[in-house]
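A.B. asks: here's a sequence, model it:
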Amino acid sequence: MTQTPGVTAPAYDLSQPLDIDFAGTFADATEDERAHQLKVRQFVQEEVLPVIADYWERYEVPMDLVKRLAELDLLRDGVDVPGLPHVTPYAAGLAAMEMSRGDGSVATICGVQGGLALQSITMLGSEEQIEKYAGPMARGEILGAFGLTEPTHGSDSVALETTAVAATRDGTPGYVINGEKKWIGFGSTGHITVVWARGEDGQVHGYIVPQDSPGYEATTIQGKVSLRAIHQAHIVMKDVFVPAENLLPQARTFKDAGRVLFQTRLGVAWSAVGHAVACYESAVAYSTQRVQFGRPLAASQMVQERLAQMLSTLTQIQLLVKQMTRLAESGELTGPQASIAKYSCTRGARQIAQTARDMLGGNGILLENRVARHFADIEALHTYEGTENMQALIIGREITGVSAFA
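C.D. replies: All right, here's what the predicted structure looks like:
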């Protein structure tokens, strides 16, 4: 804590990492995995935290940080790209945790670019598509979006109405796409969008759509109070033509889109843990620096109990996400298990953020004190990649054997 001469209000330092691992959950990380985690932490401390509150407040995408993410080989979010080193799911999870500890928008940039757009191409694309896009996307030369949800189809995105019809234009065979998409990260500020549309066979397929295509109109959504350092778009496509070579050959049904989302669900859980870590760190630091009634808040029994509650919740979600990641590495992770990780971690992060915000009192709503930004961003995290209700229905179906979706 510092105090400027002549100014009565002290400045609190709430951003230092505490390397919280009360149960030794991450002690088995290899040297390479730990090094990957610490690389992200250093980037967050030195380059993200000093500037991100200003970007967040201005509702501006930090393109300089996007460039640095690419230079540090962090933009691909752990997705395997030919010619680049393999990143284990565990290392990718630790990286997502550290990135979200810094900022939810920056973590979402990695998730959209790598976990969704790039992964769609590497998982479902042709060799030619992978060769054309994977390297440039990892290097940040091409920014991608994942166009699934629609204005009237969010949780029920399986019922999407965007269509793709076979057509020939100027002698080139391809598809004409019509429809709308909403809440698409980088959909208005990127270069390509992986658009999911219903083909003439009634099945959902994926198409690589350049954002400068005639008929592709994207508007940045305004008025967000969460994830303000990444833009989401409302996209309207009117007779957008893409050549046949832009069809993802392995994207044959909606289940293939689901395969991509399944791969990202654990990443969202790890991100929730990162947000929780940030809020807990801030609460611990504030409790030792803030003096009231002649003593630091940390000397209060009530404060110590709150910190214990927060650490208990944080330790539980750390253990959960680590175990689910180990199952993913062995190929044993199930959809319901991924859902309970996302469900539990976002709920736990919300609780920790709420307690931390309250502990900071009036200082808790200031962007400079970190917690308010995470508090808001967790709300978006809690919703995207499947809302709490949808995760609960997936888990409930597993428990009872009865589907309650309809």
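
A.B. asks: mind pulling the model confidence for Ala406?
C.D. replies: We have a pLDDT of 68 for Ala406.

A.B. asks: helices of the stretch 151-300 of the chain, start to end?
C.D. replies: 254-289 (DSSP state H, counting those that start in this stretch).

A.B. asks: residue ranges of the strands in it, please?
C.D. replies: 163-169, 172-185, 192-198, 204-210, 216-220, 232-243, 291-292, 295-296 (DSSP state E, counting those that start in this stretch).

A.B. asks: which residues sit in contact with the residue nearest the centre of the chain?
C.D. replies: In the chain, the centroid-proximal residue (CA atoms, centre = their mean) is Thr108; its distance is 3.5 Å. The contact partners of Thr108, taken as CB atoms under 8 Å, 6 or more residues apart in numbering, are Gly185, Leu227, Ile230, Ala380. For glycine as for every other residue, the C-beta is placed from the backbone atoms N, C-alpha and C.

A.B. asks: ok, now Val87?
C.D. replies: Counted by CB under 8 Å, 6+ apart, Val87 has contacts His36, Gly78, Asp80, Ala95.

A.B. asks: double-check that it belongs to a strand.
C.D. replies: No. Going by DSSP: H, G, I helix; E, B strand; the rest coil, the assignment for Val87 is coil, not a strand.

A.B. asks: contacts only, for the nearest residue to Leu367 once chain neighbours are set aside.
C.D. replies: If you skip the residues right next to it in sequence, Leu367 has Ala53 as its closest partner in space, 4.4 Å away by CB to CB, 6 or more residues apart in numbering. Shown in contact with Ala53 (CB under 8 Å, 6+ apart): Leu367, Glu368, Arg370, Arg373.

A.B. asks: tell me the one of the residues you listed nearest Gly335?
C.D. replies: Of all these, Gly335 sits closest to Arg373, with 31.5 Å by CB to CB.

A.B. asks: go ahead and confirm the closest one touches Leu366.
C.D. replies: No. Contact criterion CB atoms under 8 Å: Arg373 and Leu366 do not qualify, at 9.6 Å.

A.B. asks: mind giving me the domain ranges of this structure?
C.D. replies: Listed by automatic domain parsing, the domain ranges of the chain are 31-138, 144-252, 255-400.

A.B. asks: show me where pLDDT drops low in the stretch 251-400 of the chain?
C.D. replies: Of all residues in the stretch 251-400 of the chain, none has pLDDT under 70.
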